[in-house]
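Asker: Test case, fold it:
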Amino acid sequence: MTRDSAKAEYSQLVDRYKGLRNITRRLHNDVLPRYLSKKAFDVCGRKLGIMRDNTLVFASMDQTAVLMDYCIYDYREGGCNAVSRYIVDSQPDAASDEYAVARAMSESFHTLVQVVEVLHGVGVRANDLFGDRQFLIVDMGLGKTAVQGAVIATRILPFEGFVIASGAPLPVDAETLSEIRDSILPQFGTEDGQYLNVDMQQKANLTAAIIRVCLRSKASSGVEYQDVGIEPVAPPLR
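Answerer: This is a model prediction of the structure:
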């Protein structure tokens, strides 16, 4: 691929991203919260360690986005989360961008990614540390502020040819990464230490554990993708 053809392809991806991101933001901010009960915030607040004496206590405004993201995707009543209930109610046209976003939300997953290449004006290429795969994360903010080698805990929304990171990313420093690897992942592994394909409830519990340790490290107060001095990690993280 020539430089000009690559530039044209990235330009198309960015345009596509902008439209999908607007829909995603509207659903996150205005629509999906309507499917959440007070119980959802109470339960999730406790799981993420931000509930104090029956009151949600946020160290920063960024943590509200972290809680909302977890509630929308990982809190389930009757086996359904806010996304699945929205899809049943809205019945989006299969040919529409709304359907593409709803499908990506339903297929989303939380993981750790490590930046391997910064694409200015586009986003980053990143390795999934929980799987043997690499993503093109289209996100112009990441393309401006991310640094090679940085590790981020985030939710991934997959689209054709690229992915979008949710609006609640948490940078992971070396100490936090070690704690996740040595203390958290073994709780979800086999006897030989291999990472498991866990069920939905276990995934929610694993995500909560990762977010909790990130919040303890005050990660949400520095969501600027700064260089945290982590050596490159060969995925998958074991």
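
Asker: Could I get the phi/psi values of R125?
Answerer: Main-chain torsions, R125, degrees, to the nearest 10: phi -100, psi 140.

Asker: Next up, the contacts around I87.
Answerer: A102, S106 (C-beta atoms under 8 Å, 6 or more residues apart in numbering). Heads up, the C-betas are built off the backbone N, CA and C, glycines and all.

Asker: Tell me which helix or strand it sits in.
Answerer: helix 82-90 (DSSP states H and E).

Asker: so what secondary structure elements neighbour the helix or strand just after that helix?
Answerer: Using DSSP H and E, the helix or strand that follows helix 82-90 in sequence is helix 97-106. Helix 97-106 sits against helix 3-26, helix 82-90, strand 151-159, with contacts defined as 3 or more C-beta pairs under 8 Å, 6 or more residues apart in numbering; DSSP states H and E.

Asker: what sits up against helix 97-106?
Answerer: Contacts of helix 97-106 (C-beta under 8 Å, 6+ apart): 19-20, 23-24, 27, 73, 83-84, 86-87, 90, 92-93, 157-159, 164.

Asker: what about 6 Å?
Answerer: Applying C-beta atoms under 6 Å, 6 or more residues apart in numbering, the external contacts of helix 97-106 come out as G19, L20, I23, T24, V83, I87, P92, D93, L157, P158, F159.

Asker: Q134 pairs with what?
Answerer: Beta-bridge pairing for Q134 (DSSP bridges): N127.

Asker: Direction included, what does the longest strand along the chain pair up with?
Answerer: What stands out as the longest strand in the chain, according to DSSP state E, is strand 109-119. Here strand 109-119 is paired, per DSSP bridges, with strand 123-128 (antiparallel), strand 151-159 (antiparallel).

Asker: Ranking these by mean neighbour count, which comes first?
Answerer: With neighbours taken as mean count of other C-beta atoms under 10 Å, those reach their highest mean count in strand 123-128, at a mean of 24.

Asker: now the end-to-end length of stretch 50-57.
Answerer: 5 Å (C-alpha to C-alpha, to the nearest Å).

Asker: Could you give the average pLDDT over it?
Answerer: Mean pLDDT, computed over stretch 50-57, is 82.

Asker: for that stretch, which positions count as buried?
Answerer: Buried residues in stretch 50-57, counted by 16 or more other C-beta atoms under 10 Å: I50, M51, L56.

Asker: Kindly report the same for stretch 174-183.
Answerer: T176, L177, E179, I180.
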